[in-house]
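*Asks:* Here is a sequence with its predicted model. Questions after.
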Amino acid sequence: MSHDKILVDPPDGSSVEDGRSLEDALTRRVNADPERVEKGLAQLVLTIVELLRQLMERQALHRIDAGQLSDEQIERLGQTFLALSRRMDELKEQFELDDRDLNLDLGPLGNLL
Amino acid sequence: MIERANRGSELERTNRARGHRVSAPHDVGLIDLIDRLLDGGVVLAGDITLAAADVDLVYVGLRALISSVATAERKGIPLPR
Amino acid sequence: MTATPAMTATIYVYAITDPLEPPEGLRGLHDAPLARIDAGPVCAVYSAHDQLEPNPEPAVLWRHDQVVERLMEAGGVLPLRFGTTFGGTDEVHSILVRERARFERLLAQVRGCVELSVRVGIAPVSEPEASSGTAYLQSRLRASHEREDAAERVLRPLRELAKASSQRTPRGDGAVLNESYLVGREAVAPFIAEVKALQARNDDVAVSCTGPWGPYSFVDEVAG
């Protein structure tokens, strides 16, 4: 059935999928199981942090592109984002969350990240 | 109609384009279907069985934030520090 | 034909449409027959069920989509999100009356059009872990430019062939761009030809296209 919808195939071996499994795409909710509330809360908080990190990073890249930042500022900002990225990795490990957990499918509201 | 590119002699190039994810073309159709039916379409205020859980309400404000940021970025409006 | 509300426990709604007749023999979820709610220039197509928990399994999703597609052959269609149920037809009728102007406007925009989905996959470049803040941001900048460049080369020409376009938020690491296009039926073949031509001209990215879909991405003004 799915074959009927493919109009143009990418070249053999190339990927145009974003890494989601079908199960991920269909089970789309934050886990609201009360026994895992803590993990669900961590998931929510870290998603927000990750979202803000990406937004801020995009802003920084725009400013670099526009030549608005000095070399010093770029290095300092980069260090901050690097440190934040590493801290996020630690937190994700601590709460046993991976990137897919933080790319929440939010139902009618679509993906945040 | 599916057209498969015959690129035997260009295997090196396609290897370069090979992602670390396994390509399963038939899933692209299903993924696109899911994206549309679950994230798109008109939303009527009915007894929507896939009802927004309470937790979704938290994200309503975030989505508005993202939209406004995305719009600001598109229009080149600098965001406050 | 319309079903009697008193006799149904749940109705499942597929789409808001022009005044049209569902094709003979077209069945909805669980092979239920289709019926129509009339509100003048706008209608809703639904099926009635004793009880229904619309489960988003692939087979069920495909059936919903198939109904949308067949209806589109008969007139303008605003597909509903999956899973919309009501206790009866009265409430739907009220909504149709209340939102008539908005639905008429949307129907006019999508009538005779289909949605095509295009994906552009960018080859991941493995980079050594950044040693400095500057190196980190530079590599992010490179990735960002690659995405913008791919969009410019492949997606921009396609936007010009379409009535409207709607970019989807990139998921994961952003290595795949995904954009939807509203295209008149008569323009689908040239559009596909252009997608293939763009792939041929840009062999450093992977391009795919699926469709035709109902205009799911072009009917929700609020979410835009």
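*Replies:* Everything's here; your move.

*Asks:* hey, which helix is longest across the chain?
*Replies:* You didn't say which chain, so I picked chain A. Assignment by DSSP state H gives helix A:37-65 as the longest helix of chain A.

*Asks:* if you could check chain C rather than the one you did, that'd help
*Replies:* helix C:133-150.

*Asks:* so does the helix or strand just after the longest helix of chain A get close to chain B?
*Replies:* The helix or strand immediately downstream of helix A:37-65 is helix A:71-94, counting by DSSP states H and E. No. Helix A:71-94 is not in contact with chain B by CB under 8 Å from any CB of the partner chain; minimum separation 11.9 Å. Yep, even glycine has a C-beta here, placed from its N, CA and C like the rest.

*Asks:* Show the average pLDDT along stretch C:32-39.
*Replies:* Per-residue pLDDT over stretch C:32-39 has a mean of 96.

*Asks:* just how off-centre is it within its chain?
*Replies:* 22 Å (CA atoms, centre = their mean, to the nearest Å).

*Asks:* Return stretch C:56-71 as PDB; C-alpha atoms alone will do.
*Replies:* Taking Å, rounded to 0.1, in the frame of the first residue of the first chain, the C-alpha atoms of stretch C:56-71 are listed here in PDB:
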ATOM      1  CA  PRO C  56      -4.000   4.700  14.800                       C
ATOM      2  CA  GLU C  57      -2.800   1.400  13.200                       C
ATOM      3  CA  PRO C  58      -1.500   1.600   9.700                       C
ATOM      4  CA  ALA C  59      -4.400  -0.200   8.100                       C
ATOM      5  CA  VAL C  60      -6.900   2.100   9.800                       C
ATOM      6  CA  LEU C  61      -4.900   5.200   8.900                       C
ATOM      7  CA  TRP C  62      -4.800   4.100   5.300                       C
ATOM      8  CA  ARG C  63      -8.500   3.600   5.200                       C
ATOM      9  CA  HIS C  64      -9.100   7.100   6.500                       C
ATOM     10  CA  ASP C  65      -6.800   8.400   3.900                       C
ATOM     11  CA  GLN C  66      -8.400   6.300   1.200                       C
ATOM     12  CA  VAL C  67     -11.800   7.900   2.000                       C
ATOM     13  CA  VAL C  68     -10.300  11.400   1.800                       C
ATOM     14  CA  GLU C  69      -8.700  10.600  -1.600                       C
ATOM     15  CA  ARG C  70     -11.800   9.100  -3.200                       C
ATOM     16  CA  LEU C  71     -13.800  12.100  -1.900                       C
END
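
*Asks:* Report the buried residues of that stretch.
*Replies:* C:56, C:60, C:61, C:62, C:63, C:64, C:65, C:67, C:68, C:69, C:70, C:71 (16 or more other CB atoms under 10 Å in any protein chain shown).

*Asks:* Out of those, which sit inside helices?
*Replies:* Per DSSP H, the subset of the buried residues of stretch C:56-71 in helices is C:60, C:61, C:62, C:63, C:64, C:65, C:67, C:68, C:69, C:70, C:71.

*Asks:* In terms of pLDDT, where does the second one sit?
*Replies:* Right, residue C:61. 93.

*Asks:* What are the boundaries of the strands in chain C?
*Replies:* C:10-17, C:34-39, C:42-49, C:77-79, C:85-86, C:113-122, C:164-168, C:176-184, C:205-213 (DSSP state E).

*Asks:* contacting residues around the third one?
*Replies:* Counting by CB atoms under 8 Å, 6 or more residues apart in numbering or on different chains, the neighbours of strand C:42-49 from elsewhere in the structure are C:3, C:7-20, C:22, C:27-30, C:32-37, C:67, C:71, C:86, C:89, C:92-93, C:96, C:100, C:103-104, C:107.

*Asks:* Now do that strand and strand C:10-17, the angle between them.
*Replies:* Per axes from the mean of the first three to the mean of the last three CA atoms, to 10 degrees, the angle that strand C:42-49 makes with strand C:10-17 is 150 degrees.

*Asks:* what do you get for the second one?
*Replies:* Orientation check (the same axes, to 10 degrees): strand C:34-39 against strand C:10-17 gives 60 degrees.

*Asks:* Which positions in strand C:34-39 come out as buried?
*Replies:* In strand C:34-39, counting by 16+ other CB under 10 Å, buried: C:34, C:35, C:36, C:37, C:39.

*Asks:* Among those residues, which one sits closest to chain B?
*Replies:* residue C:37 (11.7 Å; CB to the nearest CB).

*Asks:* okay, the buried residues of strand C:34-39 in TSV with distance to chain B next?
*Replies:* Compiled in TSV, the buried residues of strand C:34-39 are given as follows (distance: CB to the nearest CB, whole Å):
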residue	distance to chain B
C:34	17
C:35	16
C:36	16
C:37	12
C:39	13
